[in-house]
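Enquirer: Using only what follows, build the 3D model:
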Amino acid sequence: MTVQQTSTRPAYRPFVTRVMGKRFIAENFLRVTFGCDEFDTVGLTGLDQRIKLVIPNADTPLGDFGQRDETCIGSGNWYANWRELPIDERGCMRTYTIRYPNQEQRTIDIDFVLHGDGGPASAWVQNAREGDELVIVAPDEQSEHSASGSDWHPGTARRVLLAGDETAAPAIAGILEQLGPYFSVDAFIEVPDASDVFDIKTRASASIRWIPRKDAEHGALLIDAVRQWAQSAQDVLAAAAAPVQQELDPVDVDRELLWESPADSDGEFYAWIAGESMAIKTIRRLLVREQGVDRKRVAFMGYWRHGQAERQS
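Expert: Sure, this is the predicted structure:
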């Protein structure tokens, strides 16, 4: 199918979807298949493609913000409409990663991490039944800007470090599953327990290490794993060093978003790091300040902050 693209159409649009099926892929990972007749135009450029789910409140249906109005969708006015809804009708937005999109069947899969904290997305998905509706805000292939929402920009690199916690596991899996055999990858994924390990198939030459956290502090074992890896990969990191010492802007992760996503650049090495903000900030300092890796070769995404709800878009 050839899609006519326009420069005026917004990069993202809401899709009114329905639950097609659910299955556990690990103890705390629930995979949900969503269907939508308009998913033949969902954008699929990014390997770690971010999307937003509009989660309704448990006791109030989602209000009308133009999610079914093509004119409203095409103009992008749906977002302002959503912001103007009463709080109880607006629900909340949460960020997830597309898994296994299928334009032909007009479905996408999303992997949910089930938290014990009763968060809105976790609560919704556990109660969701086949046929239930959910609005998903995703890239619109009809827009020339549909490639936004991805932070995977390795450029010429073929030696890759991937690291993250359970919230980054779907994106890491999505990246690995789409890499070619010419990539050499070290991947570290911290998860709550050994029962949260799931199968990842990749054509890349990849070492995938799952790190069950159990009772350890969130992110501590991931930081240790990356530090140990860095000590064993001094030749790789030396070749990826910046020509001069780099400064790191101070980021208060309790108040600010930690997010650095450099564009494609030349070089053999690239790192993609995501998860809890304080842990990612520590790994950022480890690679850039301690190891001297050029900031153009490292993407850092603080997906969430311990003890805080996700910031609304």
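
Enquirer: Model confidence for F24, exactly?
Expert: F24 carries a pLDDT score of 97 in this model.

Enquirer: What of D117?
Expert: D117 carries a pLDDT score of 58 in this model.

Enquirer: Ok, L47 next?
Expert: On pLDDT, L47 comes in at 86.

Enquirer: Could you look up the SS state of it?
Expert: Following DSSP: H, G, I helix; E, B strand; the rest coil, the label given to L47 is coil.

Enquirer: wait, isn't it in contact with I172?
Expert: No - contact criterion C-beta atoms under 8 Å: L47 and I172 do not qualify, at 9.7 Å. All C-beta spots, glycine's among them, are computed from the backbone N, C-alpha and C.

Enquirer: And the two? Which one has more around it.
Expert: I172 (26 against 21; other C-beta atoms under 10 Å).

Enquirer: so what does the longest strand seen in the chain touch, helix or strand wise?
Expert: Across the chain, the longest stretch assigned as strand under DSSP state E is strand 12-26. Counting by 3 or more C-beta pairs under 8 Å, 6 or more residues apart in numbering; DSSP states H and E, the packing neighbours recorded for strand 12-26 are strand 29-35, helix 70-75, strand 133-139.

Enquirer: Which neighbouring elements make contact with the first one?
Expert: Translated: strand 29-35. If you count contacts as 3+ C-beta pairs under 8 Å, 6+ apart, strand 29-35 packs onto strand 12-26, strand 107-113, helix 120-127.

Enquirer: 6 Å - rerun?
Expert: For strand 29-35, the packing partners by 3 or more C-beta pairs under 6 Å, 6 or more residues apart in numbering; DSSP states H and E come out as strand 12-26, strand 107-113.

Enquirer: How many neighbouring residues does T33 have?
Expert: By other C-beta under 10 Å, neighbour count at T33 equals 20.

Enquirer: what are the bridge partners for it, then?
Expert: G21, D109 (DSSP bridges).

Enquirer: Could you double-check that it sits in contact with Q105?
Expert: No - judged on C-beta atoms under 6 Å, T33 makes no contact with Q105 at a distance of 9.4 Å.

Enquirer: List the residues that contact F112.
Expert: Each residue near F112 by C-beta atoms under 6 Å, 6 or more residues apart in numbering is listed here: L30, V125.

Enquirer: 7 Å - rerun?
Expert: By C-beta atoms under 7 Å, 6 or more residues apart in numbering, F112 lies in contact with L30, V32, A121, S122, V125.
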